[in-house]
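In: Take this sequence and fold it.
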Amino acid sequence: MNPEDAALLASLPDLAFQAVLLFARIGAAVMLLPGLGEAEVPAPIRVALGALLVPLMLPVIGPGLPAQPEAPAAAFALLAIEIVVGLWLGTLARILVMALAMAGQAIAALIGLAGMLVGDAGLGMQATALGRAFGLLAAVLVLATGLHGVALTAMVESYTLLPVGGFPAGAAAESVAAAGAASLGLALQLSAPFVVGAVLLNMALGLLSRLAPQVQTFFVAVPGQILAGLGLLMLLAAPLLAVFAATLAAGFATLPGAR
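Out: Numbering: from 1, shown residues only. This is a model prediction of the structure:
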């Protein structure tokens, strides 16, 4: 056996360990990344997608990865840290995208469609049909605008910001809290016109009940609230999506590694 072949065989254990390390972070992140890690995509497909990314990224990232430790406990510790880092990166991106689904939940409650419930793994066992539709629309927007590529790029560049074995737990918790606050703020911003519309409608119904007590206000209010809400949604759908897409792009630009 020539020296080159012997050196290649000797490096195989370290190469395999580096591939596993890479898959630990990438696979965990892909399970949650918007567009790629949707709950509608079966878990085996998401795992396979993460595995397919490993040979593409290993030649670039592999030289900076550590060799296999001699102690098994140290190797398992590195793998556990990488899984946590991947889940953290995927969670940050996922929280930002959930703003549109949360806005859909609020809008459905404001326009009288809160009783239409469907299954939703992202928001819980059940969600409103409008919130579910908005959640799927958010995934479509991520894929259509190429933001999933920004998330994947951030994941690759995260190895420069967070080398293997390092995880700032305090800063990570703060970033998740900040992302949650930003997502909730965006959801409230998107649903704000419907809050104003609901207030005006209820004021009008209250005035109607005072001026014409004989009118059955409840039978007027329910269909009127739904029709007015759907009409307002038709008028504001395009601006709402434009605001969401712009804010989402700005949020993805702040992901660790994308800065």
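
In: what number of residues lie near residue 73?
Out: 8 (other CB atoms under 10 Å). (Each C-beta comes from the backbone N, C-alpha and C, glycine too.)

In: quick one: average confidence on the helix or strand hosting it?
Out: Assigned by DSSP states H and E, residue 73 belongs to helix 72-110. The average of the pLDDT scores along helix 72-110 is 89.

In: In it, which of the residues would be classed as buried?
Out: 75, 78-79, 81-110 (16 or more other CB atoms under 10 Å).

In: can you check stretch 178-195 too?
Out: Buried, per 16+ other CB under 10 Å, within stretch 178-195: 179-180, 182-183, 186-187, 190-191, 193-194.

In: same thing with stretch 18-25?
Out: Those would be 18-25, for stretch 18-25 by 16+ other CB under 10 Å.

In: Report all helices and strands that the lowest-mean-pLDDT helix or strand in the chain contacts.
Out: Lowest on mean pLDDT, DSSP states H and E among the helices and strands of the chain sits strand 117-120, with a mean of 70. Contacting strand 117-120 under the criterion 3 or more CB pairs under 8 Å, 6 or more residues apart in numbering; DSSP states H and E are the following elements: strand 124-128, helix 129-145.

In: Just the CA coordinates for that strand, please, in PDB.
Out: Taking Å, rounded to 0.1, in the frame of the first residue of the first chain, the C-alpha atoms of strand 117-120 are listed here in PDB:
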ATOM      1  CA  LEU A 117     -60.800  25.200  13.400                       C
ATOM      2  CA  VAL A 118     -58.400  22.900  11.600                       C
ATOM      3  CA  GLY A 119     -55.300  20.900  12.700                       C
ATOM      4  CA  ASP A 120     -52.100  22.800  12.800                       C
END
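
In: got a list of contacts for that strand?
Out: 101, 125-129, 131-132, 135 (CB atoms under 8 Å, 6 or more residues apart in numbering).

In: at 7 Å instead, please
Out: 125-129, 132, 135 (CB atoms under 7 Å, 6 or more residues apart in numbering).

In: mind putting the buried residues of stretch 178-195 in TSV, distance to residue 48 included?
Out: Converted to TSV, the buried residues of stretch 178-195 look like this (distance: CB to CB, whole Å):
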residue	distance to residue 48
179	28
180	30
182	32
183	29
186	32
187	33
190	34
191	37
193	42
194	40
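
In: I'd like these as JSON lines, with secondary structure, distance to residue 50 and pLDDT appended.
Out: Listed next are the buried residues of stretch 178-195 as JSON lines, based on DSSP: H, G, I helix; E, B strand; the rest coil; distance: CB to CB, whole Å; pLDDT from 0 to 100:
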{"residue": "179", "secondary structure": "helix", "distance to residue 50": "22", "pLDDT": "91"}
{"residue": "180", "secondary structure": "helix", "distance to residue 50": "25", "pLDDT": "91"}
{"residue": "182", "secondary structure": "helix", "distance to residue 50": "27", "pLDDT": "91"}
{"residue": "183", "secondary structure": "helix", "distance to residue 50": "24", "pLDDT": "92"}
{"residue": "186", "secondary structure": "helix", "distance to residue 50": "28", "pLDDT": "92"}
{"residue": "187", "secondary structure": "helix", "distance to residue 50": "29", "pLDDT": "93"}
{"residue": "190", "secondary structure": "helix", "distance to residue 50": "31", "pLDDT": "93"}
{"residue": "191", "secondary structure": "helix", "distance to residue 50": "34", "pLDDT": "92"}
{"residue": "193", "secondary structure": "helix", "distance to residue 50": "40", "pLDDT": "91"}
{"residue": "194", "secondary structure": "helix", "distance to residue 50": "38", "pLDDT": "91"}
